[in-house]
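> kindly return the folded structure for what I paste below:
(3 chains)
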Amino acid sequence: MSAAVLVAVLVAGGVYLLLQRGLVRVTFGFVLLGHAANVLLLAAGGMSRREPPLLSTTDPAVAADPLPQAFALTAIVITFGVSVYLLAVAGNGGDDDAADAEADPSPARMTEQGVEL
Amino acid sequence: MNDLIPFLLWLPLLGAALTLAAGERVRLQRAISFTVSALVLAYGITMLTLTSDGSVVVEQVAGWPGGIAIPFAVDTLSALMITVAALLVLASTAFAVFTGDDEDRYFLPLVLVLSGGVYGAFVTADLFNLFVMIEVALIPSYVLITRRGSASEMGAGRIYLTVNLLVSTVLLAGVGLVYGTTGTVNLGELAGAATESVGAALAGGVVLVALGAKAALVPVHSWLPRTYPFASVATTALLSGLLTKIGVYGIFRVYAVMFSGDERLQTPWLVILLVTMVVGGLGALGESAMRPILVFGMSSQVGYVLLGIGFFGELGLQAGIFYLVHNIIAKGALFLTCGAVEHEEGTGELSRLGGVARREPLLALAFIAAALSLVGIPPFSGFVAKFSVARAAAIEGEWIAVALVVAVSLLTLLAMMKIWNGVFWGADPDEADHSFAPGASGAVPDHTDPMSSTLLRRAKVAITEGPPGGMPRGLILPGLALAVLSLVLGLGADVLLGLTGTAAQGLVDPSAYVIAVTDR
Amino acid sequence: MALAIALLVLASTAVLAHPLSNRLGRDAGYPLGALFLVSLGLIAFDAPTVLDGGAVEFERQWIPALDVAFRLHLDGLSLLFAILVLGVGALIMSYCARYLSVEYDHGRLYLLLGAFATAMLGLVLAADMVLLFVFFELTTLASFFLIGGQGLGSAKPATRAFVITATGGLSLLAAVALIVSVVGTTDLTEALERSEEIAASPQGPWIAGLLILAAFTKSAQLPFHFWLPDAMVALTPVSAYLHAATLVKAGIYVLLRFSPPFAGMPGWTIVLVSVGLATSLVGAVFALQQHDLKALLAYSTVSQLGWIVALIGVGTTAALAVAALHTFAHALFKATLFMLVGIIDREAGSRDIRELQGLYKVMPVTATLTALAALSMAGMPPFLGFVSKEEAYSAFLELPGPWGWVVAGIAVVSAAVTFAYSFRILHGAFGGGKAQASLYEPHWSFLLPAAVPAVAGLVFGLAVGSLNPLVSRTVQDTLMVETDADLALWHGFEPALYLSMVTIALGVTLFLLRAPVGRALDRPLLPFTGVQVYEASYAGVQRLGDLVGRSTRSGALAPHLVWPVLSVGALAVVGVLFVGELPVPVAPLTRTGDWLVVALVAVGVLGTVVTRNRLGAVSMLGVVGFLVAVWFLISGGVDLALTQTLVEVLTVVVAVLVLRRLPRRFAPAPRRRVVPAAALAVGAGLAAGLAVLALTGRREPSPASEVLLNQGEELTGGTNVVNTILVDFRGLDTFGEILVLAVAAIGLLALLRRDAPADASSPDATAPDAVADTAAGDRTILAVASRVLVPVIVVISVLLLWRGHNEPGGGFIAALVGGLGVALVQIPRGAGARSRLKAVPLLSAGITIAVLAGLLGLLRDSFLQPLKGDLVIGSFSQSFTTSLIFDIGVYLVVVGLVVAAVDRLANGRVVAAAEATQVPPSAADLASMEEPTGERAVVRR
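Numbers count the residues shown, from 1 in each chain, chains lettered A, B, ... in the order given. Below is the predicted model of the structure:
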């Protein structure tokens, strides 16, 4: 239950930021979504057994499912890598919706961009 | 052979590390890249021969017991995908050599990582590992699209990155939910899971939604035409052939194994796929530059490829997989030929091009062949693909599908003609304003008569422009090669149909795959 | 066998076209025409068998998988058309040899003509429906390029013709697919033998409709007729061959070929007869309207094709006999007329019928030949055209009830108009005084090809009986019934004869009244032309496409990002509806402590969402990150919590580095966006929460986890199960993961060129000075801190790396700590400074080491399989596995990323050179590759 609420909160915040102008806020939204996904992964292992899976100190019978932890760890690192690049793009011209074509969604405009190469 | 399977992953990545280290020495970079892709191609063909009897080669990576280890499995479907992917990587890399893309010291390493991730995604039988492999393939594509930092690239890059990152997050969540419901992410152990519990079906559904978005199925198609066309021409060719196809492959695999082609979902599938076909076909027609037209069309063709899912059966899947292979090749040829024009003329906008066919007959030939193949006109591979899809739909009694398969082909034809008339025929750009004589019915413009002065004047124009073939052959050959391959696959379709048939059997009855993967 | 050879011989003309033209120029037409005759001879070799009621067959495997084979056969119907294709073809080739001007791309034209003829012959010989479709489309394709020529003025007409006829081809494909779904084979002969099944099947009507569509588009029936006059932009020989004798007859052939299932079906008859007659009438009137001889002939062809279609619709043996006969007759006189128009055009320099006054005075032979053909077209006795018309009347009269007379009546009118325009041609050629004194008779070699069919029209008219065997054979093989045609010039006083008389009477009247009629017709008969309709509908489809594309045509993110969210939402709704009974959780999942974390996270998230201040948002985000780490900790994820914390720190560092360049505050969100965004956000949150609630925590521990926890240690020798999973069990994931990091680093290097300090870069100028000051302040503090901290950090990170296998730690955590050290060293140095550590070597070394560590596994069994051993140094002994080497690779990559990030985010920027995008990319690259560090090479081709 608690995990579900936590995920709900993180997703709600993340999606809201996702729909804002400006890549930086969108990126923050993704960070939140990333957290949500990792919490979800742990929940998928079951939140009833919560002892750290360190065999030297813990009885396997009460240890948390290590597999989702490994998944989450991998996911964290991947999200980190992508976020770094995303921020780099945001910080270098990709941030503001300057390229925002909402104002003028005419095909001409997009194809103008299309031929920019 | 089996313990060689991971070679699909580590060889390109080793290659990436070496090319990265090679740095300035671009010739060395090229040598490494081509060797790697050629080796992978050879391996793919070998695996095709090994699995053509329907057998499945599997490797429990790192030698752990089945269920714990990550299984890498190759059946006919995977082998086909690897072979075609490697082929396309070779063609696009060769093309990049002549466009100068690979003079960016980071280009070839990125391409190698991308290809490695794609191959990995085609062979892994572990859902979480599939997620990882997709990420490995995606992140180089992020860089490839944005790396030159032009405004249009940045504009496209933001969309591309965010949409794919979002979809990847959905995929990750889906995998998590699958583990949450079934306690495993091993595709073999997941066999039929979705048919047994609604929970597992929903979790798998999330995975399918994510894969569908990667494949640019409606309604998650809007990002595709706004991103791919803005990268360098070589990059577009590469991405179009590889990345969306991971989604397609994933849908084939997951739906076949985890859902066993559940009948209850067939109607929703048909609706989504047919709508995708129509929307893609119309959207392509609405664009006014070469690559946007081609890219929008991709959605449409993904609809054709997956249509077999809608009436899950051997015929439909065989047709679909054949269509997939055909599409990767024909589409690649189109991107490379149009790319060659765009690279030489500096624009892809139809209104600013014209008369290329008179200056570059060979290139025009390659384009029209690929274009007709895409439409489904014989004797190219496209006609076998279209016919077998239509045939399957007809035999399954899906009349609407048959009708749309034909109708959308007409849309594709119009789109291809739009490019042909805008770029390859018509007046040369400088005189684009008075290009077409109004072909009023009955009225006969006399300049079509061989004596016509108009024609002679045009001829002089052509001569003053210098002899045809001013374009470096290297820009033409990659596209031409793929176009020829499409012709070969049309005339000699039987071999490929045999293979896709085996692949389809493997999807309809995945027991062999499951046994191999679970290693029980 | 002879069939296949005939086809090959014909195909050889396409192959030889260029070599011959290079040597002989336009005269290449003669040898090529000879090859046509050879092919005809080979067919004729089999003709007796066919006429005796046999059929010649040939079969080779092609695509067994679809049971498609290269099946050919020759029966009466095929024979008739084969004779037309090859006979007329030979004439046209030799005609080209004189018609074409000397300086012309002869090779191309001959190649296309040869290819077309091959496709056409294949079409009529095909005994496999797919093969038939293939050749059907190939004829379309060849004619596309024949009409399009150089692709200038003729491009649009060619495209229109192509699109229309290709549509027909596609519907033929659909028809074939449907037939296959009924009879289960693509074998044409077998399919036709099972006609009743096809007719009876639910697909039956659809098949008929699709076949009719295919035929009507190809044979220019209403409303598709317009492409044919449109296609007159083609060279005259091309028009003579394609648009009179062969291509347009392909539709006729398809209708005849597929008659067995449908002949006599009311729908079939009604559609064919009504459309056919309408086309015949409209075409004739349009023809009468034209002054351009070529356009006149084009509409005349449309009209005549309609006539034939109507006959096929009647479907009786007699009717089909006439259809066959008229196909033959029409090919003869229409090909002649086209060729003559070409000659007149070339000699007189005009095709306007009004300028041909008294042609016979200067070109008697030409004029006479024109007369022969025109009379046959007009249906005057004793020409073949007369016979076929007369027979047609009797056929029409066979229709049941009053319909016979109605149809015959309309036919008479159409024929009368035909008579009228035929005589306009005659009058043009013979009437009036000498207008073109300077003209002279062309060389006989130019006239001969036209003369042959013209004379044949007369000869066959007189000796029409000689055609009986062929025609009756055709009918028998078409309808698969026994019948005998009795064609004759004189049938005695029958209704048909009276109708002929009426026709001629009407025709003469029309001709005599040509002045008023001409005035009456000298205006557009319809408010629109077919071409206009086509272009309008094409524009319509275009607009629709633009509309479909518009939804995607936005550079903003939200319009693209909502769709994945909505799709998942839709799935969630489905889930709520169908999920039903769920298993109960096996054990309590929630603990009171959880709620504290949840509440704090909620606050943090809210803060992140509402704040307009960038740095504020970053810090709130950091808080949330740490809280999530706490959550991991209380969920038993020690390594996870550690990693999360470190990643959080680095993310914040990176974010701050980036934000230095951006305005301090976010652009305020437009009002209209807030509400929908919030709504969607709440919905998504709800969906995600429900998913977690419903789909997690409701099962026993997974078998995999049991194995890992209980056998993990003996399998790997490591006690920290999570890390053993990362480096041992699922090393492959980790492998992929470090690649993601490596590529992210490469991305930074590729995107952000380090050719100028960031502070000089434009975006920074916009940043408030305050930030710069505080940044400077931070630097000094950090500088001090780093001197103390860095050595410590390095030691810690190495320890973490070493012990990772057993206690919390491992490659990532160690490297992230090390990365922090790098950050501490770098950032204080400020802009311009570069690290002693280089990213690229770190990255490539890291990946290489990881791969090699994996390859060591191949020594045992498998890639990435760890090898255990004991490392003994003096008294110190430590168990050791190759996964440690793997971890070192991981370590290097992560450090490489941090180095790249700190370096480029602080000091690099996008080189806008790529903005000059109109120049070819290679050039743009060269420009953007100028780097003082010489980090990149410039290689020129």
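> from the chain's centroid, how far away is stretch C:523-531?
How far stretch C:523-531 lies from its chain's middle: 33 Å, per Cα atoms, centre = their mean, to the nearest Å.
> what does the stretch 201-350 of chain B have sitting close to chain A?
Residues of the stretch 201-350 of chain B that fall close to chain A, judged by Cβ under 8 Å from any Cβ of the partner chain: B:226, B:229-233, B:286-289, B:291-292, B:342, B:347-349. The C-beta positions use only the backbone N, C-alpha and C, and glycine is treated the same way.
> may I ask which two of those residues are separated the most?
B:Ser232 and B:Gly286 (24.1 Å; Cβ to Cβ).
> list the contacts of residue 39.
As the question left the chain open, I've gone with chain A. Shown in contact with A:Val39 (Cβ atoms under 8 Å, 6 or more residues apart in numbering or on different chains): A:Ala3, A:Leu6, A:Val7, A:Leu10, C:Val628, C:Trp631.
> other chain: chain C
C:Ala6, C:Leu7, C:Val9, C:Leu10, C:Leu86, C:Leu121.
> where's the nearest residue to B:Gly426 once chain neighbours are set aside relative to chain A, distance?
In space, and not counting its chain neighbours, B:Gly426 is closest to B:Gly354: 4.1 Å by Cβ to Cβ, 6 or more residues apart in numbering or on different chains. Going from B:Gly354 to chain A by Cβ to the nearest Cβ, to the nearest Å gives 14 Å.
> check C:Thr185 too.
Taken as Cβ to the nearest Cβ, the span from C:Thr185 to chain A is 47 Å.
> give the contact list for that residue.
With Cβ under 8 Å, 6+ apart, C:Thr185 has these contacts: C:Asp67, C:Ala191.
> related to what we said a few turns ago, show me which of the contacts of C:Ser39 is closest to chain B.
Nearest to chain B among those: C:Leu7, at 14.2 Å, using Cβ to the nearest Cβ.
> I'd assumed the closest one was in a helix, is it?
Yes. Assessed with DSSP: H, G, I helix; E, B strand; the rest coil, C:Leu7 lies in a helix.
> doesn't C:Gly122 make contact with it?
Yes. Using Cβ atoms under 8 Å, C:Leu7 is in contact with C:Gly122, at 6.0 Å.
> identify the contacts common to the two.
Joint contacts of C:Leu7 and C:Gly122 (Cβ under 8 Å, 6+ apart) are C:Leu72.
> report the mean confidence score over the helix or strand that contains C:Ala694.
Using DSSP states H and E, C:Ala694 sits in helix C:671-695. Taken as a whole, helix C:671-695 has an average pLDDT of 90.
> cool, and stretch A:6-18?
95.
> list the buried residues of stretch C:96-115.
C:96-100, C:104-115 (16 or more other Cβ atoms under 10 Å in any protein chain shown).
> what is the mean pLDDT for that stretch?
Rounded mean pLDDT across stretch C:96-115 is 90.
> that stretch close to chain B?
Yes. Contact between stretch C:96-115 and chain B, assessed by Cβ under 8 Å from any Cβ, occurs at C:Leu100, C:Ser101, C:Tyr104.
> now intersect those with the helices, please.
Judged by DSSP state H, helices contain none of the residues of stretch C:96-115 next to chain B.
> in TSV, list those along with distance to A:Val31.
Listed next are those as TSV, based on distance: Cβ to Cβ, whole Å:
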residue	distance to A:Val31
C:Leu100	73
C:Ser101	73
C:Tyr104	69
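> which ones among those residues lie within strands?
Of the residues of stretch C:96-115 next to chain B, none are assigned to strands by DSSP state E.
> out of those residues, who's nearest B:Val111?
Out of the residues of stretch C:96-115 next to chain B, the member with the shortest distance to B:Val111 (by Cβ to Cβ) is C:Tyr104, at 46.9 Å.
> what's the following helix or strand after the lowest-mean-pLDDT helix or strand in chain B?
In chain B, no helix or strand scores lower on mean pLDDT, DSSP states H and E than helix B:453-464, which sits at a mean of 44. The helix or strand immediately downstream of helix B:453-464 is helix B:473-491, counting by DSSP H and E.
> what is that following helix packed up against?
Helix B:473-491 sits against helix B:76-99, helix B:314-345, helix B:361-375, helix B:381-395, with contacts defined as 3 or more Cβ pairs under 8 Å, 6 or more residues apart in numbering or on different chains; DSSP states H and E.
> if we go to 10 Å?
helix B:76-99, helix B:233-259, helix B:314-345, helix B:361-375, helix B:381-395, helix B:493-508, strand C:56-63 (3 or more Cβ pairs under 10 Å, 6 or more residues apart in numbering or on different chains; DSSP states H and E).
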